[in-house]
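Student: With the input below, show me the fold.
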Amino acid sequence: MVLERNLHRSEIPVDDFHQEFLQSAQWKEFIKDLERNYNVTVERETSSVVIDALGDCSEDLLKQVRDKLDDNAQQSDDIHLTEEEWQLLKTYHQTEVEDLCKKTGTGRVHVAFTSPSVIQLSGDARLLQDVKTVLEQFVQTIVHKTVTFPSAGLFQFMKNGPGKMTVLGIERKCKSHISITEEKGTGDKAEDTEEPVLITRMMAQDIETDT
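Tutor: Predicted structure coming up:
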């Protein structure tokens, strides 16, 4: 009875992004040291870490556990883009994206251009959402412009002919991505779909669009 009265339990909540660390060898070694140094038992439950001790758990002990969990809380998330947006950022703005990630995430969140439409973030769960918000705001500054060619001949010249080098030069000069595609029709009636609409899409930051 006396033993039961002196047995105290403390619980520290954990999230899904803690689970991988809680199964690691590093966590198990950390727990062994705590149990040896503080004469406590530490167990992992579904949504918390439970510490049983004779007498109150010291604040130092609880702080060590919280800090260890926070320092190793890992999470990943994706930012989804169009292929054109992804190519634009990958080709001309990757350094800016990485710098924003490093600054906002204090070096604890990493960014990777994975598939041709996804930017993947991984790292400290406490900072990851802030990094994602900043990068999404950066993506929103992209300017989208559509230009219709006056003739099919000009379209072919710019897409496959000598004009293709002009397009590449504009991309480099303006740090833009230009996608020349052919789309059918602009109207609701069947006769409106007979002639192709020849379109180029340009995306860039700080680019003039009054053309």
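Student: Give the bridge partners for the spatially most central residue of the chain, please.
Tutor: Note on the chain: the residue nearest the mean C-alpha position is Leu121, at 3.5 Å, using Cα atoms, centre = their mean. Following DSSP bridges, Leu121 is listed with bridge partners Asp77, Val111.
Student: tell me the average confidence for whichever helix or strand His144 is part of?
Tutor: Secondary structure assigned from DSSP states H and E places His144 in strand 143-148. Strand 143-148 comes out with an average pLDDT of 81.
Student: How far off centre is that strand?
Tutor: Centroid separation between strand 143-148 and its chain, computed with Cα atoms, centre = their mean, to the nearest Å, is 27 Å.
Student: could you give the mean pLDDT of the helix or strand following that strand?
Tutor: On the C-terminal side of strand 143-148, the nearest following helix or strand under DSSP H and E is helix 152-159. When pLDDT is averaged along helix 152-159, the result is 80.
Student: Tell me the pLDDT of Asp183.
Tutor: Not quite, residue 183 is Glu, not Asp. Per-residue confidence at Glu183 stands at 66 (pLDDT).
Student: Mind exporting the C-alpha coordinates of the strand holding His144 to PDB?
Tutor: Listed in PDB are the C-alpha atoms of strand 143-148, where the atom choice follows Å, rounded to 0.1, in the frame of the first residue of the first chain:
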ATOM      1  CA  VAL A 143       3.300  34.300 -63.700                       C
ATOM      2  CA  HIS A 144       1.300  32.300 -66.300                       C
ATOM      3  CA  LYS A 145       0.900  33.700 -69.800                       C
ATOM      4  CA  THR A 146      -0.800  32.200 -72.800                       C
ATOM      5  CA  VAL A 147      -0.100  33.400 -76.400                       C
ATOM      6  CA  THR A 148      -2.100  32.300 -79.400                       C
END
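Student: which strands and helices sit next to that strand?
Tutor: Contact partners of strand 143-148 among helices and strands, from 3 or more Cβ pairs under 8 Å, 6 or more residues apart in numbering; DSSP states H and E: strand 196-204. Yep, even glycine has a C-beta here, placed from its N, CA and C like the rest.
Student: can you give me the mean pLDDT across the strand it packs on?
Tutor: Across strand 196-204, pLDDT averages out at 53.
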